[in-house]
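Visitor: requesting a structural model of the entry that follows:
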Amino acid sequence: MKKLLLVAFTVLSFAACTQDKSQTIEDKAEKAVPSVLSEDAPKVKFEKEIYDFGVIEQGEVVTFDFKFKNTGKTPLIITDATATCGCTVPEFPKTPVKPGEGGIIKVVFNSAGKIGMQDKQVTLVSNANPEPEKLHLVGEIKEKK
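Guide: Residues are numbered from 1 along each chain as shown. Okay, here's the model as predicted:
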């Protein structure tokens, strides 16, 4: 009986911790990005969402600027840009992008330690509606001779 109560208490404790964390994350997101009506929301239009860097040798560094424009009616606020691994580093505008204006998401990919076909994704967190698609750096890495 004691074991059953201990297991039940442990399960309830983990469930309570999980709920508290998700609420905290949602609360932070609401505070970080102001909400607007969907018809007035900023919209992101990229010139190119996929950059094919072709075939490179292991250890080369690839840099690409993803150019975009805010085609919405309110300022675009990008709060974060994350990549699928530490070898890819995105840089994004830290100030709001006004309607009709453009900006750049600079992505640097270091191919050291990589080989074969690669698809590195960058995900943006913003107040755009709909959320922008993921950006991709794709190509092949050959072993250094």
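Visitor: now Glu60. Nearest residue, chain neighbours left out?
Guide: Leaving aside its sequence neighbours, Glu60 sits nearest to Ser111 (Cβ to Cβ, 6 or more residues apart in numbering; 5.3 Å). Where C-beta positions appear, they are placed from N, C-alpha and C, glycine not excepted.
Visitor: now the helices for the protein?
Guide: With DSSP state H as the criterion, the chain has helices at 2-32.
Visitor: low-confidence ranges in the protein?
Guide: Low-confidence segments of the chain, defined by pLDDT under 70: 1-37.
Visitor: how about a cut-off of 50?
Guide: Counting by pLDDT under 50, the chain contains low-confidence ranges at 5-7, 11-33.
Visitor: how's it carved up into domains?
Guide: Domain assignment for the chain, taken from automatic domain parsing, gives 1-32, 44-142.
Visitor: that older thread, report the contact partners of the residue nearest to Glu60.
Guide: Applying Cβ atoms under 8 Å, 6 or more residues apart in numbering, we find Ser111 in contact with Ile56, Glu57, Gln58, Gly59, Glu60, Val61, Val62, Cys87, Gln118, Ile141.
Visitor: which two from the residues you listed end up farthest apart in space?
Guide: Greatest spatial distance among those (Cβ to Cβ): Glu57 and Cys87, at 15.0 Å.
Visitor: can you tell me which residues contact the residue nearest the centre of the chain?
Guide: In the chain, the residue lying closest to the centroid (Cα atoms, centre = their mean) is Thr123, at 2.1 Å. With contacts defined as Cβ under 8 Å, 6+ apart, Thr123 is in contact with Ala81, Thr82, Ala83, Lys134.
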